[in-house]
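*Asks:* could you work out the structure for the sequence below:
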Amino acid sequence: MSTTANGIDTLIVIGKQSAEGIKALAANGRFYPRVTGTFDTDADKYSSNEIDPSQQMTDTRLGNFRVTGDIKGEASCGTYSLLMAALLRRDFTVGGVTTAQITVSSGATGLARSAGSWLTDGHRAGTVVRITGFATTGAANNAKNFFVTSVTALNLNGQFMDGSAMTVKAAGDSVTVTAPGKRTFTPLTGHTKDWFTVEVQDPTISVNRAFIDLMVSKMDMAVQPNGMTSCDISFMGKLEGPTTPAAYFTTPAAAPTNGKFSGATALLSVNGIPSQICTGMSLSIDGQVKIDPVIGNKYATAASRGKVMGTGQFTVLMQDSVYIDYFKAETEVSVAYGMASDSSPLANVMTLAMGRIKITSAKVSDGETNKIITCSFDILRYVGADAQHEGTTLAVQDSTL
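*Replies:* So this is what the prediction gives:
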């Protein structure tokens, strides 16, 4: 019996192209882990509507060939960051940095300073920072992931992600505060447009399928308190090349081996206030990629993007009417979510910051259990004047970049 392809042997390699229409360099490929990954060529089908004396259909044609793909994975630092940047249309760049200052003090809710500005230094709500330089009673505040829930010029409020408390220390030590890694978000101008080559390698049967001119079209993330955080990436593209017995990406870079995220080591902030009653959250960012057919070409030759759209949902234990009231009053609030790869003080972290959401429904459950409010929401571009939020839909921080 001939060898049959098995998914456990399949490899997915993705490389960023230098431009549209130019296959990624063979040296630019990298393995991507997945729960499942499917890439296929789809085509529209046209069937003849003519009435024939045989009283049977006489012809079917195929046209507008295009590529679709999906990687269903588990969220972790570094793994899908290149694809997230492509979806949000901006490369990752460094975040906030406050160099050594002797005017910084610590209190129960965070850090304060008597001179300078956290905002001017680039710090934003919904990010993680790390502190160094406190001495004596403040030393316990050093070298930990601090999840920032709100920022003003003189105050940086939040909580440590490992659950420890901020110790009180007066100003006087030389304190540095740095947002680890890099951040990206959809900018107001200067949007990038990234294209990718994807190769699905089945080495046991020597079948390698290369898909060219793909764009990242969508990202879906979901987290529950008792499971891995999922991260699903969707692609749309123009062309599948010839199937080959030899792989194009012969020596791909290894995938990152950073720890996965779960709800057990995460924090949610709503309107600048940490929430201890969230039971689940999901969000979807859609770049609205479309593949356009043209006459005279079997494969699509043009791709377009619409505006970046965001939707989401979170569930909370019902303890009051706050979220119901947000919905009924159409009150716009901010939401930030921080994820850590484990419970250690300096675990790898990723944050998702949404400066402006509008709850579009608030449904209350019933039964012989705790009542749950399910809040669906739209993620909107932040248009206010509060500098602690970027003028964007979603901002992502990855501490490993």
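*Asks:* what residue in this protein is the furthest from its centre?
*Replies:* For the chain, the C-alpha farthest from the mean C-alpha position belongs to P53; by Cα atoms, centre = their mean, that distance is 57.1 Å.
*Asks:* contacting residues around that one?
*Replies:* Under the criterion of Cβ atoms under 8 Å, 6 or more residues apart in numbering, P53 has no neighbours. Yep, even glycine has a C-beta here, placed from its N, CA and C like the rest.
*Asks:* pLDDT value on it, please?
*Replies:* Listed pLDDT for P53 reads 93.
*Asks:* just the strands in the stretch 201-350 of the chain please.
*Replies:* With DSSP state E, counting those that start in this stretch as the criterion, the stretch 201-350 of the chain has strands at 207-223, 230-240, 266-270, 273-275, 278-286, 289-292, 302-305, 309-317, 332-340, 349-364.
*Asks:* if you skip the residues just before and after it, what's nearest to L88?
*Replies:* Closest residue to L88 apart from its sequence neighbours, by Cβ to Cβ, 6 or more residues apart in numbering: T186 at 4.8 Å.
*Asks:* in this structure T279 contacts L317, no?
*Replies:* Yes. Between T279 and L317 there is a contact at 6.4 Å, judged by Cβ atoms under 8 Å.
*Asks:* put the alpha carbons of stretch 326-336 into CSV.
*Replies:* What follows is stretch 326-336, C-alpha atoms only, in CSV (Å, rounded to 0.1, in the frame of the first residue of the first chain):
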residue,chain,number,x,y,z
TYR,A,326,-22.9,50.5,30.2
PHE,A,327,-24.9,48.8,27.5
LYS,A,328,-28.1,50.7,28.0
ALA,A,329,-26.4,54.1,28.2
GLU,A,330,-24.1,53.3,25.3
THR,A,331,-21.2,54.2,27.5
GLU,A,332,-17.8,53.7,25.8
VAL,A,333,-15.1,52.1,28.0
SER,A,334,-11.6,50.9,27.6
VAL,A,335,-10.6,47.3,27.9
ALA,A,336,-7.1,45.8,28.4
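*Asks:* which strand residues bridge Q201?
*Replies:* Beta-bridge pairing for Q201 (DSSP bridges): L11, N208.
*Asks:* with F235 instead?
*Replies:* G69, V216.
*Asks:* for the residue sitting nearest the centre point of the chain, helix, strand, or coil?
*Replies:* In the chain, the centroid-proximal residue (Cα atoms, centre = their mean) is M84; its distance is 5.5 Å. Here M84 is helix, with the state taken from DSSP: H, G, I helix; E, B strand; the rest coil.
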